[in-house]
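K.L.:
Sequence first, predicted model second:
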Amino acid sequence: MDKHEKPDDKINAGDFSHWLEQITLTQKTNRGMDVPCGTCNACCKASYFIHIQPQETSTLSAIPKELLFPAPGMPKGHMVMGYDKEGKCPMLIKDKCSIYNQRPFTCRNYDCRVFNVTGLKPEDKSKKEILKQSDRWNFNKTSADENKILNALKDAAHFLTIYADKFPVGFVPRNTTQQAILAIKVYKVFLKSTQNLHKSAEKVLEEYVQKVIDELNSFSDN
């Protein structure tokens with residue numbers, strides 16, 4: 001946060017439609033997000049394990065080997081970097097990323113605005129500074145359609161979290177960040193009115209669960 005800013009000052013998050021287009025593309029290509037972080041580095045101090053893929057050779061060479069360990073449940077070559085006893089990334093030195101130009105895809109793709117648009121909250125106390133920052137974002141919206149999309153994003157996030165047990169095991173991530181990303185991938189299912197969905201018969205609920213699964217498959221294929 002800039003020294004002239006107050007903790008609850010709003011931050012211009014940019015054009016909502018453009019942001020949604022960019023984060024959708026990032027999830028498909030790992031191209032990274034352009035986040036106007038300013039001096040905020042809350043995500044670097046939030047006890048996150050950072051996944052690093054085998055093809056990220058410059059990143060892997062920039063991080064001391066003793067800070068890396070094999071990513072549980074993933075193929076050989078996938079690595080994870082942990083955090084120190086204060087929850088900080090070990091590559092955060094003097095409050096700045098020491099490998100910024102070689103930072104992992106995970107960091108390049110991270111965008112706390114996902115919490116703002118989905119209504120989800122970071123999962124534990126170590127993420128409280130991220131929550132404060134995400135609440136400050138203010139998107140520019142110019143049409144009623146954008147408000148419909150925003151409502152669909154929130155409906156998607158809500159549906160995924162309250163009906164997680166209706167999906168195949170592991171479909172809905174336990175990590176709130178990944179839940180928000182999943183909501184972004186499947187929100188189109190919820191663009192139509194869903195006001196009676198949660199009071200509907202089990203059959204209707206099952207139909208929505210399948211629609212969400214199909215939408216994610218479609219997202220992944222395109």
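P.N.:
Okay, I see it.
K.L.:
which stretch of helix or strand covers the residue sitting nearest the centre point of the chain?
P.N.:
Ranked by distance to the mean C-alpha position of the chain (C-alpha atoms, centre = their mean), the top residue is residue 177 at 4.0 Å. Under DSSP states H and E, the secondary-structure element containing residue 177 is helix 176-186.
K.L.:
to the chain's geometric centre, what's the distance from that helix?
P.N.:
Computed by C-alpha atoms, centre = their mean, to the nearest Å, the separation of helix 176-186 from the middle of its chain amounts to 6 Å.
K.L.:
tell me the average confidence for it?
P.N.:
Mean pLDDT, taken over the full extent of helix 176-186, equals 97.
K.L.:
element containing residue 12?
P.N.:
Secondary structure here is read from DSSP H and E; on that basis residue 12 sits in strand 11-15.
K.L.:
Next secondary structure after that strand?
P.N.:
Assigned by DSSP H and E, the successor of strand 11-15 is helix 16-29.
K.L.:
Show me the domain layout of the protein.
P.N.:
Domain assignment of the chain by automatic domain parsing yields the ranges 11-113+129-136, 141-221.
K.L.:
Next, the distance between the ends of the shortest one.
P.N.:
Taking C-alpha to C-alpha, to the nearest Å, the first and last residues of domain 141-221 lie 29 Å apart.
K.L.:
Can you list the buried residues in stretch 106-121?
P.N.:
Buried residues in stretch 106-121, counting neighbours by 16 or more other C-beta atoms under 10 Å, are found at 106-120. No exception for glycine: its C-beta is placed from N, CA and C like everyone else's.
K.L.:
if we can go back for a sec, which one of the domains of the chain has the lowest average pLDDT?
P.N.:
Comparing mean pLDDT across the domains of the chain, the lowest value falls on domain 141-221: a mean of 91.
K.L.:
Is residue 138 located within a helix, as I assumed?
P.N.:
No - secondary structure assignment places residue 138 outside any helix; it is strand (DSSP: H, G, I helix; E, B strand; the rest coil).
K.L.:
My read is that it contacts residue 15, right?
P.N.:
No - with contact defined as C-beta atoms under 8 Å, residue 138 does not reach residue 15; the gap is 11.6 Å.
K.L.:
in this structure, which spans are helices?
P.N.:
For the chain, applying DSSP state H gives helices covering 16-29, 57-62, 105-109, 113-118, 128-136, 144-162, 176-186, 202-221.
K.L.:
Identify, out of these, the most deeply packed stretch.
P.N.:
Mean neighbour counts were compared across those using mean count of other C-beta atoms under 10 Å; the top stretch is helix 113-118, at a mean of 24.
K.L.:
what packs against it?
P.N.:
helix 16-29, helix 128-136, strand 137-140, helix 144-162, helix 176-186 (3 or more C-beta pairs under 8 Å, 6 or more residues apart in numbering; DSSP states H and E).
K.L.:
Export only the CA atoms of the longest one, formatted as PDB.
P.N.:
What follows is helix 144-162, C-alpha atoms only, in PDB (Å, rounded to 0.1, in the frame of the first residue of the first chain):
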ATOM      1  CA  ALA A 144     -26.200  -4.300 -17.100                       C
ATOM      2  CA  ASP A 145     -24.700  -7.400 -18.800                       C
ATOM      3  CA  GLU A 146     -21.600  -7.000 -16.700                       C
ATOM      4  CA  ASN A 147     -23.600  -6.900 -13.500                       C
ATOM      5  CA  LYS A 148     -25.300 -10.200 -14.600                       C
ATOM      6  CA  ILE A 149     -21.900 -11.800 -15.100                       C
ATOM      7  CA  LEU A 150     -20.800 -10.600 -11.700                       C
ATOM      8  CA  ASN A 151     -23.900 -12.100 -10.100                       C
ATOM      9  CA  ALA A 152     -23.300 -15.300 -12.000                       C
ATOM     10  CA  LEU A 153     -19.700 -15.500 -10.700                       C
ATOM     11  CA  LYS A 154     -21.000 -15.100  -7.100                       C
ATOM     12  CA  ASP A 155     -23.700 -17.700  -7.700                       C
ATOM     13  CA  ALA A 156     -21.100 -20.100  -9.200                       C
ATOM     14  CA  ALA A 157     -18.800 -19.700  -6.200                       C
ATOM     15  CA  HIS A 158     -21.700 -20.200  -3.800                       C
ATOM     16  CA  PHE A 159     -23.000 -23.300  -5.500                       C
ATOM     17  CA  LEU A 160     -19.600 -24.900  -5.700                       C
ATOM     18  CA  THR A 161     -18.900 -24.400  -2.000                       C
ATOM     19  CA  ILE A 162     -22.300 -25.400  -0.500                       C
END
